[in-house]
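Visitor: Have a look; sequence and predicted model below, questions after that.
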Amino acid sequence: MSKGKILLTGAAGYIGSHTWVELCQAGYEVVGVDNFYNSERDVVERIGKILGREVLFEEADCSDLQAFGKVFEKHPDIVGAVHFAACKAVGESIDKPLMYYRNNIVSLLNLITLMTEKAKAANIVFSSSCTVYGQPDEDHLPIAEDAPLKRSLSPYGKSKQMAEEILSDSVIAFPHLKVCALRYFNPIGAHPSALIGELPRGVPQNLVPFVTQTAAGIRDHLNVFGDDYNTPDGSCIRDYIYVVDLAKAHVKAIDKLVGETEVHPVEETDEPTYVDAAKTGRWYIYNLGTGRGLSVLELVHGFMKATGVNLPYEIAPRRHGDIEQVWADPHKAERELGWKADTPIEDVLRSAWNWQKTL
Ligand code: NAD
Ligand code: WQD
């Protein structure tokens, strides 16, 4: 028997597709929604292939309230949503701020409206990002959820900060709404089946797709952006998390929200209440990372060791806007969700390479 119907927006995308598989394998019925703005149609078929059965999919644009609303008319039994649908390229967001705010914010407003008005239960898991922390002060590393948020340096990052504000205000206003915001660090790798993975359009901006394309001979070398940072080998440090481990955290988050029967309404008073959303007991934030920082050079050498493939690279100037170092304190997710990212980095890098070889 199904554990309940879950709506997955951005389901054909990189993280969405991996989460689709994990949610179905955990016993949920999933309705995927995507407008294929940044993904390929055949991902839906590939999900079916991995699962060995047909999947439920509705093509719709989440920023179009009417079109998105039709999904809820067709599926009135939705008990939770995982909201991935968004534009995600930091650089592009600086050139096209309105497109980013329109897509990322309007889609979220529509989701909250429809989940609170039309769904059977209003549980939302939201894709946030470590980008909300900006460059953390050194004494805040590894970074925990209660660290101060710095002013974001891009419309993309600001859209994630705004989204968290919108969601936490909504939790206060709607006593039946429960939300879990997941702050991802750097997702990498691909499904062990090599049927789904990251599909960058054009020249990849992120490190691992650039690494695998260089190893495949599509790019002649990798530029390592900066070796003069204040880190042990001079290159930047990040927390690279396996996308399948990340996908599994969404199952835990949905289990938590859907499984909790008790709701905690804000205490009723004559005056409108505006309190800290966390006090409602229906607003959760978790970092999703490994808790280990890896430098760019460590990742480059780790890739060569794990795959046995040569990776030509050159040290290049720093990339504008890069954060020197950031990695997660993931203990809250471990304590409260019972989740931990434990796939060894060699296996993760090999999965990225196996996926690249299919492209
Ligand atoms: P992705 O681009 O691969 O997937 C997003 C999917 O959403 C795509 O399939 C796209 O077609 C779809 N989409 C976009 N706008 C839509 C709309 N209006 N209606 C319907 N579908 C729409 O990106 P991803 O890497 O899988 O990221 C998923 C989420 O996680 C995003 O919200 C992103 O901001 C967030 N995130 C990603 C990373 C990362 O490094 N990949 C890190 C932190 C947070
Ligand atoms: C990682 C490291 C680069 C490419 C971005 C977003 C962030 C989040 C995750 C969504 C950096 C270095 C890269 C290359 C390199 N996404 N690099 N050569 O910048 O940590 O984060 O993705 O929420 O918001 O900003 O990831 O993969 O671009 O870079 O040396 O060709 O690799 O300088 O140190 P980043 P990234």
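Guide: Everything's here; your move. Numbering: from 1, shown residues only. Ligands and ions are numbered 1, 2, ... in the order given.
Visitor: show me the contacts for Tyr28.
Guide: Applying CB atoms under 8 Å, 6 or more residues apart in numbering to Tyr28 gives the contacts Ser2, Lys3, Gly4, Lys5, Ile6, Val251, Ile254. Placement of C-beta: from N, CA and C, glycine included.
Visitor: In stretch 282-296, which residues are buried?
Guide: 282-291, 293-296 (16 or more other CB atoms under 10 Å).
Visitor: err, stretch 81-96, not the other one
Guide: Here stretch 81-96 shows 81-90, 92-93, 96 as buried, counting by 16+ other CB under 10 Å.
Visitor: which ones among those are found in strands?
Guide: Ala81, Val82, His83 (DSSP state E).
Visitor: In the stretch 151-300 of the chain, where is pLDDT below threshold?
Guide: Flagging of the stretch 151-300 of the chain using pLDDT under 70 yields the residue ranges 261-273.
Visitor: Okay, buried residues for stretch 95-106 please.
Guide: Neighbour-count burial for stretch 95-106 [16+ other CB under 10 Å]: Lys96, Tyr100, Tyr101, Asn103, Asn104, Ile105.
Visitor: Look up how far Cys62 lies from the first one.
Guide: Using CB to CB, to the nearest Å, we find Lys96 at a distance of 18 Å from Cys62.
Visitor: Just give the number of residues close to the residue of the stretch 151-300 of the chain found nearest ligand 1.
Guide: Of all residues in the stretch 151-300 of the chain, Tyr184 sits closest to ligand 1, at 3.8 Å by CB to the nearest ligand atom. Per other CB atoms under 10 Å, the neighbour tally for Tyr184 reads 21.
Visitor: ok, Arg102 - contacts?
Guide: Contacts of Arg102 were listed using CB under 8 Å, 6+ apart, and they are Ser63.
Visitor: what do you get for Ala67?
Guide: Counting by CB under 8 Å, 6+ apart, Ala67 makes contact with Ala60, Asp61.
Visitor: what about it, which SS state?
Guide: helix (DSSP: H, G, I helix; E, B strand; the rest coil).
Visitor: Cross-check the buried residues of stretch 81-96 against ligand 1 and keep the overlap.
Guide: Phe84, Ala85, Ala86, Lys88 (CB under 6 Å from any ligand atom).
Visitor: Same list, the residues you listed, but only the ones touching ligand 2.
Guide: Within the set of these, contact with ligand 2 (CB under 6 Å from any ligand atom) is found for Lys88.
Visitor: which stretch of helix or strand covers the nearest residue to Asp245 once chain neighbours are set aside?
Guide: Among residues not flanking Asp245 along the chain, Ala341 sits closest, at 3.9 Å (CB to CB, 6 or more residues apart in numbering). Ala341 belongs to no helix or strand when assigned by DSSP states H and E.
Visitor: so Ala341 touches Val244, yeah?
Guide: No - the pair Ala341 and Val244 does not pass the contact test of CB atoms under 8 Å, sitting 9.4 Å apart.
Visitor: between the two, which one's more packed in?
Guide: Taking neighbours as other CB under 10 Å, Ala341 and Val244 compare with Ala341 leading, 24 against 21.
Visitor: Against Cys130, how distant is that one?
Guide: 13 Å.
Visitor: Please enumerate the shared neighbours of the two.
Guide: Common neighbours of Ala341 and Cys130 (CB under 8 Å, 6+ apart) are Gly289.
Visitor: tell me, how many neighbours does Gly134 end up with?
Guide: Gly134, neighbours per other CB under 10 Å, totals 18.
Visitor: Kindly apply the preceding question to Arg201 instead.
Guide: By other CB under 10 Å, 8 other residues sit near Arg201.
Visitor: How about the residues of this protein by ligand 2?
Guide: 88, 90, 129, 131, 186, 205-207, 210, 222-225, 236, 238, 296, 319, 322.
Visitor: So which of the residues you listed sit within strands?
Guide: Ser129, Asn186, Leu222, Asn223, Val224, Phe225, Arg238.
Visitor: Distance of the residue nearest to Leu114 when sequence neighbours are not counted relative to Ala11?
Guide: Among residues not flanking Leu114 along the chain, Phe72 sits closest, at 5.1 Å (CB to CB, 6+ apart). In this view, Phe72 and Ala11 are 15 Å apart by CB to CB.
Visitor: Repeat that for Ile105.
Guide: Distance from Ile105 to Ala11, by CB to CB: 20 Å.
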